[in-house]
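Engineer: With the input below, show me the fold.
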Amino acid sequence: MAERKATFGAGCFWGVEARFREVPGVIDTRVGYLGGDMENPSYEDVCSGRTGHAEVVEIVYDSDRVGFEELLDIFWDMHDPTQENRQGPDVGTQYRSAIFWHDEEQKRIAEESRVRREASGQYSRPIVTEITPASTFYEAEEYHQRYLEKRGMSSCAI
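Structural biologist: All right, here's what the predicted structure looks like:
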């Protein structure tokens, strides 16, 4: 087994986590905050819009069973990467579309994937997804972990 890590922001982390947990080869997920400049932010800090963090899902996956490219396809399909700092009714920089890469290979694959999606004609507006290096991941409060699963829900209703 080859364990790897991937980190994505695609709006509210509850639904993003639930979707990735369904993927064969995903070993574990954690929701949290990444990409900001405050140490140990709380949910309230991140929601204030002053920390610069995105709500993200950190995924541990078995790269022998699921590739980073497959995870990217799921990421692109689960949200609208043309919406800047929002997804549906959720508005703010914490809901931005983002791929946080963990090594140069992930960076290359993510950039190539974005170019292919842009060229596909699938979107009527430009993709605004940021592709940046992963920084310190701050795990969200326990009540956010597997939020939908704990409540017997499979997705967020927008």
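Engineer: For A119, give me the pLDDT.
Structural biologist: pLDDT, A119: 95.
Engineer: Now do it: how many residues are near it, please.
Structural biologist: Neighbours of A119 under the rule other C-beta atoms under 10 Å: 8. For every residue, glycine as well, the C-beta is placed using N, CA and C.
Engineer: residue ranges of the strands in the protein, please?
Structural biologist: 3-10, 26-34, 54-62, 86-87, 90-91, 97-101, 130-133, 138-139 (DSSP state E).
Engineer: For stretch 39-57, list every residue counted as buried.
Structural biologist: The neighbour-count check on stretch 39-57 (16 or more other C-beta atoms under 10 Å) flags P41, D45, V46, T51, H53, A54, E55, V56, V57 as buried.
Engineer: Just send these back as a markdown table, with distance to V91 and pLDDT too.
Structural biologist: Conversion of these to a markdown table gives the following (distance: C-beta to C-beta, whole Å; pLDDT from 0 to 100):
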| residue | distance to V91 | pLDDT |
| --- | --- | --- |
| P41 | 18 | 97 |
| D45 | 17 | 97 |
| V46 | 14 | 96 |
| T51 | 16 | 96 |
| H53 | 15 | 97 |
| A54 | 13 | 96 |
| E55 | 12 | 96 |
| V56 | 17 | 98 |
| V57 | 19 | 98 |
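Engineer: I'd like these as CSV, with distance to Q87 appended.
Structural biologist: Shown next, in CSV, are the buried residues of stretch 39-57 (distance: C-beta to C-beta, whole Å):
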residue, distance to Q87
P41, 20
D45, 20
V46, 15
T51, 18
H53, 15
A54, 11
E55, 10
V56, 13
V57, 13
